[in-house]
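**Student:** structure of the sequence below:
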Amino acid sequence: MPDSGPRTKTVPELSPLPDSPILIPQAIDHRSYHDAQRIAISYPKPGTSEYVDVSWAQFGHAVDSAAWTFSEKLGIRNSPDDPLKVVGLLARSDASYMITIYALHKLGIIPLLISPRNSRAAVVNLLKLTDSVAVLSDSYNRAEAEASAAEAGSIPVYDLAPLPGTVTGERKPFPFDLTWEAECDRPALILHTSGSTGLPKPVAWSTRFFWRQKYYPEAFIAKYNGISVLATLPLFHGSGAALTRSSLLWLGWRVVFPDPSKPVNASYLIDICNSPNAPDVVDRRASVIEEIVALPGGEDVMRQRVFWFFVGAPVPPHFGDYLVKEKIHFLSMLGSTEIGQMNVLEPEGRKPEDWNYHEIRPDLDIALEPRGPSPESGPFELLILAKDGWKPGNINVQINGVEGYATSDLYVKHPTHPRLLKHSGRADDVVVLSNGEKTLSRAIEVPLEADPRVKNAIVFGTGRTQNGVLIVPAPEYAFDPTDEVALAAFRNSIWDSVEKANAVNPSHSQIWKEMLLVTSPGKDVPRTDKGSVKRKLAIELYAREIDDLYLAVESLSSNNKAPLPEVMDVEHLAPFFQAIVEEAMGRPLGPEDDVFASGMDSLKAIFVRNSLLSALKRDDRTKDLVSKVPQNFVFLFTTAKAMAEAIQSLLETGYLADSGQESAQQHADSINAMVRKYTETFPERPAASSLLPDGVGETVIITGSTGSLGTFILDTLLHDPRVTRVYAFNRKSASPTLSRQIRSYKERGLDAPSLQAAVDDRRVEFHDVEVNLHDFGLGAETFAKIHATTTLIIHNAWVLNFNWTLPTFEPVHIKGLRNMVDFCITSPLTTPPRVAFTSSIASAGALTGTPVPEEPIEDPAVCLSQGYARSKFVCERILALAAEKTPVRTLAFRLGQISGDSVHGIWNATDNVPVLVRGCQELGAIPTDWLPFVSWVPVDTVASTVVDACLDRARGAGTFHVANPKPTPWKELVPVLERALVTKDGRPFEKIEMRAWIDRLTASEESAEANPAIKLIAFFENNLAGKGIRCRLQIDKTKEVSPALRDVSAVNERVFTQYLDYWKSIGFLSKA
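**Tutor:** Residues are numbered from 1 along each chain as shown. This is a model prediction of the structure:
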C-alpha cells in the first residue's frame, strides 16, 4: 500500500509577500516568479487516477494565457475610471474554475461565483442583480448556463479556461496596471448567500476584505510549511473561496482538487488518503468525516493526517470528544460569506477538552450582545464591526455610529478563559442538522401552533441526525407526559397538524411521531415579557428529556438478535427480514407485502432498520457496511423481499442500488448490470414455418390499452385500414377489461359504439395477461394462435411510480419486455414481428449541452437517477441489443410531456401542469419563469405518431422522439392564464418568479385537498434545482415518419384555453 502519511520531503521556505498590501493579480505574479518551483495545485487527470502537479510558474503561465484569451471576448478594465464589469461562473469547482477566477482578476473583471445547485430563478436573479455581462461555464452546466443567460438578457456564454497542465508555449505576461489605492475597496469577488430564507443574495468581497483574512501567525505558517490540503469545499462556497486562496497565497499549501466525477464521501476520502496523492489535511463536514471511522482502515487514515479541518456544520459533541480522546488533531473554522474566517485556528492556551470553544480573531472588532435572561449570563449574539477602512460584506446593524454585521450566531463564554467562546445556536429560526441540512423551524411550528391543542411548538435538532419538536400543550390539554397512554393519545390527536407541516417541508425536515416531546406540568418553558418562548433556553431546560428521546429512538431494535443467514442471497435474506418485520408489526406478513400499506409507522421503521444494523455489526462479513444503510432504508425498500434484494446488492456491489446515494459510476453499474442480465443470450431463431400472404394487414398486440395513451393508440389502430386485428393485453383487474376500456373511451370523448362494433367483428380481442410469464398466462392454445399471426407489438404498459427502484421494475416490467422480445424472435413467421416500446424523455433527461439524438444511447450517464427513468433506459438498451444480435426490428419512443387531446382538451387533473395551474388560482400568483418553453404534445397526436412510425415498414425501426416541434415560451401563456382565471379574492394575479411562488406555496396554510399543488412541492423544488429533465429532443427523423407530429399545433392561446375550459368544466378550476 502506498504511504498514506503526510509528505515529508523538504520544501523551500515560502517567499514573503510585500509588507504593503497588493492586489490579487500582483500576489499571483509574486508567487509565480518568487516561488516558481513550489507546487501550487494538483488535480486529477480526466479519466484517470493520475494527478497532475502544477508549479507556481505553470500556474502563473496558465492565468496569463487565459487572461489573453478572455480579453478578446470580455474586454479589459485597466483603468479605475472604467466601469465595473461582472462575469458569472456557473461550473463545477475544479482547477479550470480556479484559473478562470484569477484570469478574470487580471482583466480587472469581477467574478460572480454561482453554485450550480441554485435554481434557474436564483441564477437569473443573481446575474440581473450584478449586471453580469457574460457567463463562463463547463460542459456539465452549459445548457443551464445558456438558459439562465438567455433569461437574464441574452448575455453570451463562453467556456472556462483550460486545465493548467494543458497550457504550452512561452509565457506571455498579461499587463496589470490597477493599483491598491484605487481598487482595494471595490468588489474583487462576488459570492452569494445560501438562499435558505429566499432567493440567494450577492455578497461582494473587496481586496481589502480579503486581505483582512490574512490572520495567520508566523509560527502557524512555519509549523505547516509545505503541506497539502484536499479542497473538498467548492470555490463558489465562501469557505472554499477563503480557504483555497489563503492556502495558496499566504500559507503556501499545495491545494489538491478531488475528482469532480466522484462524490466526496467517506469511502472516497479513505481511497485518496491511501493513494500516492494523499493530502496532509482534509477539509469536510463533520458528518462525512465521522463515517470514516466506521469503515475499514478508517482509523488509520484519521491518525495519519496532519490535521482534519471541519467546516460547513457543527461538530457533534460526541465526535469531537472521540477525536480528542484518540489524540487525532483537528481544527474547526468559524466563518460566513459576510465576514470570511472569524476564528483563530489554534488558540493559545486552549485545552484539548475545550475543543468546541473558539477564539475570535483579535484583529476583528467585535461586540457581544446579550440574548439571555440577564446581561451577564449569556448567550450572546456575535456582532462584527467595521475597522480601519474594512467593513463586513453585509451591513445590518450600527453601534455607536459604527457599521457592523449581526451574525445571528449565539455564543456562551468559557468559565475561565476570557477569550474563548462556544457556539450555542442561532438567533434566527434555522436548525442545522449534523449533515449540514437546514430546517426552517417556523415552517414546522406554525402549522402545529394552529392546532387548538398546542400552545407552542419549538423545533430542536441542531447537530443531530433528525428534527424533533417540543410541544407545550394548551392549558386545557395539559397532562403528565410520563403517562405513556396519555402521551400516545395526545400525539395521535395532533398528528393531522404534524402531517400538514410535513407536507410543506423537505424530506430531511420531516417530523416523526416518536420525535414529539411534550412539556411537563410545573416545568414551564422560559418566556419573554411579551409571552414569547425563549427558544434556546426552552431547549436547554429540556435537554435531558431531548437526549433521552434521541437515545430511545436510536436504540430500538429486535429483541431476538437473529443472525444474518449463512447464505446471503434473496432466498435466504427474505425470511430474515420477514421475521423482523413481523416482530415489528406483531402479525404475519408475506415477503412481498408492502409494510406501509400494512400499517407500519415511523417507529416500527426505525425498529426494522436498527435490527438490521445490529445484525450487520455482529457479522464479520458485513460490519463494514453499517454506514451504507441510509436512515430511510425501510421507506426505500418497502417489502421483505425488496429489503433482501437491497442488501444482496449492497453485498455484491458495495452500495445500495437506487438509494439516491450512488456515484455516477455506481449509477452506471446498476443499469449496465441489469442490461447484461437480459441481453447476454437470446433464443435461437426457429426455421420459419408460416408465410403470411401478400396484402394481409398487421396483427398488433397493444399492452396497457386502458390507460390514457393506450386508449388513443388502440383507437388509432382500429381506425387504420392497414390493421387487420388487435390483441389488447392488460393486467387483470376487479372489473372486466372490456368494461374498463369502454369507460376509458367515454371519459376521453371517443366513440365507444365503434369499439363495441370492433369487438363484435373480432377486430379486437381483450386478454388479461401476466407479461412476465413465458406464455403471458394465456394458455397454450391461445398463445399459439396469437404467436402465429402477430406482426407487431406496441408495449405501452408501465407503472408511473417515481418512488420505485430499478429492481422493483425488474420482475414484471423489464422481464415482461424481454418476454416480448423472445416472443418476436421465436415467431413462426418468416419475418418476425417488430416490437415497439413507449419509453420516456427521462431516459435521456440528464443530457445537456446538445439535443438528444434520435438513436440508441449506450451511456447511462444521460439517464435520470429515478428508478422509473432507469427502467426505461434499460429497456431501450435491451431493444437496441436485440436489434443488433437478432433479426427482430425494434422501435423505442422517447415521449416528452403528453397533454390533453386536441379535440376536447381532456387532460387528467392529477398531472403536474393542471395542478400548477390550480395552485396559481389558489395563491393568486403565476410564476413567470416556470419553464423557458413548453413542448406539450396532445395525447391523440402522440398515439398517431407512435402508430405512424410502427406501421411504416420501410422506415419503422430505431429510436423516435415525440415532442412539440413548435415550442411555446411559457411567458406567452401567462397572459392567457390571467384572462381565463379569477383569483379567490377577485384581485388581479401577481406575476412572480418560481422561487417566490414555491415559497408562497410552502407557507400556505391550505390543505392539499384545497390546493393539490402542495403535494408537488418537492417536484417543483427538484425542477427548480435542476434535478428534473434538462434535455432537448431532436425530432427531425420522427417528423419525416409522422405527418401527425409534423403538423401538430403549437401550444397557443386556443390550445391552452381548451385545457383550462376542460378543468373548469369538471370543477377542478373555479370559473370566472
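**Student:** contacting residues around the nearest residue to residue 922 once chain neighbours are set aside?
**Tutor:** Using C-beta to C-beta, 6 or more residues apart in numbering and skipping residues adjacent in sequence, the residue nearest residue 922 is residue 1011, 4.2 Å away. C-beta coordinates here come from the backbone N, C-alpha and C atoms, glycine included. Listed by C-beta atoms under 8 Å, 6 or more residues apart in numbering, the contact partners of residue 1011 are 918, 919, 922, 923, 1001, 1004.
**Student:** let me know the pLDDT of residue 1011.
**Tutor:** Looking at residue 1011, its pLDDT is 79.
**Student:** whatever helix or strand residue 58 lives in - contacts with which helices or strands?
**Tutor:** Assessed by DSSP states H and E, residue 58 sits inside helix 56-74. Here helix 56-74 touches helix 24-34, strand 39-44, helix 95-106, strand 157-159, going by 3 or more C-beta pairs under 8 Å, 6 or more residues apart in numbering; DSSP states H and E.
**Student:** just after it, pick out the following helix or strand.
**Tutor:** strand 86-90.
**Student:** quick one: that next one to helix 95-106, angle?
**Tutor:** 180 degrees (axes from the mean of the first three to the mean of the last three C-alpha atoms, to 10 degrees).
**Student:** quick one: list the elements packing against whichever strand in the chain runs longest.
**Tutor:** Secondary structure assigned by DSSP state E gives strand 402-413 as the longest strand of the chain. Helices and strands touching strand 402-413, by 3+ C-beta pairs under 8 Å, 6+ apart, are strand 365-370, strand 380-385, strand 397-399, strand 420-426.
**Student:** want to throw those into JSON lines with mean neighbour count, mean pLDDT and distance to residue 154?
**Tutor:** JSON lines is the format used below for the helices and strands packed on strand 402-413 (neighbours: other C-beta atoms under 10 Å; pLDDT from 0 to 100; distance: least, C-beta to C-beta, whole Å):
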{"stretch": "strand 365-370", "mean neighbour count": "15", "mean pLDDT": "88", "distance to residue 154": "45"}
{"stretch": "strand 380-385", "mean neighbour count": "22", "mean pLDDT": "90", "distance to residue 154": "40"}
{"stretch": "strand 397-399", "mean neighbour count": "14", "mean pLDDT": "81", "distance to residue 154": "40"}
{"stretch": "strand 420-426", "mean neighbour count": "21", "mean pLDDT": "80", "distance to residue 154": "41"}
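**Student:** dump those to CSV, plus distance to residue 1069.
**Tutor:** As requested, the helices and strands packed on strand 402-413 are exported to CSV (distance: least, C-beta to C-beta, whole Å):
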stretch, distance to residue 1069
strand 365-370, 51
strand 380-385, 48
strand 397-399, 47
strand 420-426, 42
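**Student:** return the item of the contacts of residue 1011 having minimum pLDDT.
**Tutor:** If you rank the contacts of residue 1011 by pLDDT, residue 1004 sits at the bottom with 71.
**Student:** ok, now which ones touch that residue?
**Tutor:** Contacts of residue 1004 by C-beta under 8 Å, 6+ apart are 504, 922, 923, 1011, 1014.
**Student:** check residue 921 too.
**Tutor:** Counted by C-beta under 8 Å, 6+ apart, residue 921 has contacts 981, 982, 983, 984, 1069, 1070.
**Student:** what is the burial count for the fifth one?
**Tutor:** Using other C-beta atoms under 10 Å, the number of residues around residue 1069 comes to 23.
**Student:** pLDDT value on the nearest residue to it once chain neighbours are set aside, please?
**Tutor:** With sequence-adjacent residues excluded and distances taken as C-beta to C-beta, 6+ apart, residue 1069 is closest to residue 1063, at 4.5 Å. At residue 1063, the model reports a pLDDT of 93.
**Student:** what secondary structure does residue 1063 sit in?
**Tutor:** helix (DSSP: H, G, I helix; E, B strand; the rest coil).
**Student:** how close does it get to residue 783?
**Tutor:** For residue 1063, the distance to residue 783 (C-beta to C-beta, to the nearest Å) stands at 43 Å.
**Student:** the more surrounded of those two?
**Tutor:** For residue 1063 and residue 783, the more surrounded residue by other C-beta under 10 Å is residue 1063, and the numbers stand at 23 against 18.
**Student:** what's the local residue count around residue 928?
**Tutor:** With other C-beta under 10 Å as criterion, residue 928 counts 17.
**Student:** look up phi and psi at it.
**Tutor:** phi -80, psi -20 (degrees, to the nearest 10).
**Student:** isn't it right up against residue 974?
**Tutor:** Yes - look at residue 928 against residue 974 with C-beta atoms under 8 Å: they come within range, at 5.8 Å.
**Student:** joint contacts of the two?
**Tutor:** Shared contacts of residue 928 and residue 974, counting by C-beta under 8 Å, 6+ apart, come down to residue 991.
**Student:** surely residue 370 touches residue 378?
**Tutor:** Yes - in this structure, residue 370 is within contact of residue 378 by C-beta under 8 Å, at 6.9 Å.
**Student:** where does the residue nearest to residue 57 when sequence neighbours are not counted land on pLDDT?
**Tutor:** Setting aside the residues directly before and after it, residue 57 is nearest to residue 36 in space (C-beta to C-beta, 6+ apart), at 3.9 Å. Per-residue pLDDT puts residue 36 at 93.
**Student:** neighbours of residue 36, how many?
**Tutor:** Residue 36 has 15 nearby residues by other C-beta under 10 Å.
**Student:** that one touches residue 61, doesn't it?
**Tutor:** No - applying C-beta under 8 Å, one finds residue 36 not in contact with residue 61, separated by 10.0 Å.
**Student:** circling back to that earlier point, contacts only, for the residue nearest to residue 1069.
**Tutor:** Contacts of residue 1063 by C-beta under 8 Å, 6+ apart are 907, 909, 914, 917, 918, 1069.
**Student:** which of those fall within helices?
**Tutor:** 914, 917, 918 (DSSP state H).
**Student:** could these go into JSON lines alongside neighbour count and distance to residue 826?
**Tutor:** Shown next, in JSON lines, are these (neighbours: other C-beta atoms under 10 Å; distance: C-beta to C-beta, whole Å):
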{"residue": "914", "neighbour count": "23", "distance to residue 826": "44"}
{"residue": "917", "neighbour count": "23", "distance to residue 826": "48"}
{"residue": "918", "neighbour count": "20", "distance to residue 826": "49"}
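**Student:** closest to residue 108 among these?
**Tutor:** residue 917 (47.7 Å; C-beta to C-beta).
**Student:** name the nearest of the contacts of residue 1011 relative to residue 278.
**Tutor:** So of the contacts of residue 1011, ranked by how close each gets to residue 278 (C-beta to C-beta), first place is residue 1001, at 47.7 Å.
**Student:** just confirm the closest one is within a strand.
**Tutor:** No - read with three-state DSSP, residue 1001 is helix and lies in no strand.
**Student:** pretty sure residue 1000 contacts residue 925?
**Tutor:** Yes - the criterion here is C-beta under 8 Å, and residue 1000 meets it with residue 925 at 6.2 Å.
**Student:** quick check: neighbours shared by the two?
**Tutor:** residue 992.
**Student:** okay, and residue 472 sits in which element?
**Tutor:** Assigned by DSSP H and E, residue 472 belongs to strand 468-473.
**Student:** return the alpha-carbon coordinates of the helix or strand following that strand using PDB.
**Tutor:** Next helix or strand after strand 468-473 toward the C-terminus (DSSP H and E): helix 484-493. In PDB, the C-alpha atoms belonging to helix 484-493 read as follows (Å, rounded to 0.1, in the frame of the first residue of the first chain):
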ATOM      1  CA  GLU A 484     -47.500   6.600  28.000                       C
ATOM      2  CA  VAL A 485     -51.100   6.000  27.200                       C
ATOM      3  CA  ALA A 486     -51.900   9.700  27.500                       C
ATOM      4  CA  LEU A 487     -48.800  10.600  25.500                       C
ATOM      5  CA  ALA A 488     -49.800   8.300  22.700                       C
ATOM      6  CA  ALA A 489     -53.300   9.700  22.600                       C
ATOM      7  CA  PHE A 490     -52.000  13.300  22.500                       C
ATOM      8  CA  ARG A 491     -49.600  12.600  19.700                       C
ATOM      9  CA  ASN A 492     -52.400  10.900  17.700                       C
ATOM     10  CA  SER A 493     -54.700  13.900  18.400                       C
END
